[in-house]
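> Show me how the following folds:
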Amino acid sequence: MSDKTRSVLYNGLIVHEHSKLSHFHEVTFCYDIIQEKSYTPQQVQSMEETRNIITGTLDDLINVNGNFVICDKKTFNGNGYIKTRPDPQYKRQLSIYRVLLESSYGIDARFGCLLYLDKTKDLQETPVSFELDDLESTKQFLKDTLEKLQSIPEPNVCFLCNGMNKTKTIYCPYKEICQSE
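Prediction:
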């Protein structure tokens with residue numbers, strides 16, 4: 001691991017450990033996408049088959065005027081840029097946490113908040129709040145993504161996998177699968 005990567009991970013750890021926004025802080029969820037069922041991390045560790053399980057750790061859950069809000073902290077190098085909208089991948093992440101939270105605790109958090117922390121300004125915070133995607137469409141996204149990840153692509157035989165190259169080597173990542181059939 002490079003020093004730069006180590007520094008980024010260390011700073012992230014410090015931010016998360018020392019910026020507790022509520023008692024519901026740094027909670028890890030495990031969820032079976034196909035069965036739509038939650039598990040504890042301890043239960044998942046003892047399972048033999050975990051290929052349908054997604055795991056995530058929610059930074060904080062707060063209650064604002066009777067509405068639960070999933071909060072996540074993100075550091076970035078602003079250099080004068082101020083975030084005003086959530087990054088789409090982070091909105092998706094919090095929408096997935098909504099599914100995991102509802103399955104695990106029966107809490108439906110309809111809102112998310114990204115707390116952007118600018119590393120160029122002593123971690124000056126910019127909160128960006130938004131409505132999360134609905135539960136059913138997020139569950140469908142999870143199922144579709146799982147199906148893509150678990151599917152084997154149609155074979156495309158070429159010189160990299162048929163051994164018809166200078167070194168007579170097969171470079172296909174699916175070599176073992178094809179040879180077992």
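> Run through the helices of the chain in chain order.
Secondary structure of the chain (DSSP state H): helices at 3-17, 41-45, 88-105, 135-150, 175-180.
> what's the domain layout of this structure?
Following automatic domain parsing, one gets these domains for the chain: 3-150, 156-181.
> Format those as TSV; extra columns: mean pLDDT and mean neighbour count.
(Each C-beta comes from the backbone N, C-alpha and C, glycine too.) Below are the domains of the chain laid out as TSV (pLDDT from 0 to 100; neighbours: other Cβ atoms under 10 Å):
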stretch	mean pLDDT	mean neighbour count
domain 3-150	91	15
domain 156-181	72	11
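> Pretty sure residue 127 sits against residue 115.
Yes - taking contacts as Cβ atoms under 8 Å, residue 127 lies within contact range of residue 115: 5.3 Å.
> which strand is the longest one in the chain?
Longest strand in the chain, counting residues (DSSP state E): strand 53-64.
> tell me the angle that strand makes with helix 88-105.
Using axes from the mean of the first three to the mean of the last three Cα atoms, to 10 degrees, the inter-axis angle of strand 53-64 relative to helix 88-105 is 90 degrees.
> In CSV, list the C-alpha atoms belonging to strand 53-64.
Provided in CSV are the C-alpha atoms of strand 53-64 (Å, rounded to 0.1, in the frame of the first residue of the first chain):
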residue,chain,number,x,y,z
ILE,A,53,-25.1,-10.9,0.5
ILE,A,54,-24.3,-7.2,0.4
THR,A,55,-22.7,-5.5,3.4
GLY,A,56,-22.5,-1.8,4.2
THR,A,57,-21.8,0.5,7.2
LEU,A,58,-24.0,3.4,7.8
ASP,A,59,-22.1,6.5,9.3
ASP,A,60,-25.0,8.0,11.2
LEU,A,61,-28.8,8.0,11.4
ILE,A,62,-30.4,11.1,12.7
ASN,A,63,-34.0,12.2,13.4
VAL,A,64,-35.0,15.6,12.1
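> Quick check: the gap between residue 112 and residue 126.
Using Cβ to Cβ, to the nearest Å, one gets 14 Å for the distance from residue 112 to residue 126.
> now do residue 173
From residue 173 over to residue 126 (counting by Cβ to Cβ), the distance is 42 Å.
> go on, residue 143?
On the measure of Cβ to Cβ, residue 143 and residue 126 end up 34 Å apart.
> Next: residue 132.
Residue 132 is 19 Å from residue 126, by Cβ to Cβ.
> what does residue 137 give?
From residue 137 to residue 126 the distance is 27 Å (Cβ to Cβ).
> just residue 60 next, same as before
Per Cβ to Cβ, residue 60 is found 16 Å from residue 126.
> same check, this time on residue 43
37 Å.
> Could you do residue 154 as well?
In terms of Cβ to Cβ, residue 154 sits 45 Å off from residue 126.
> With that, I have no additional questions.
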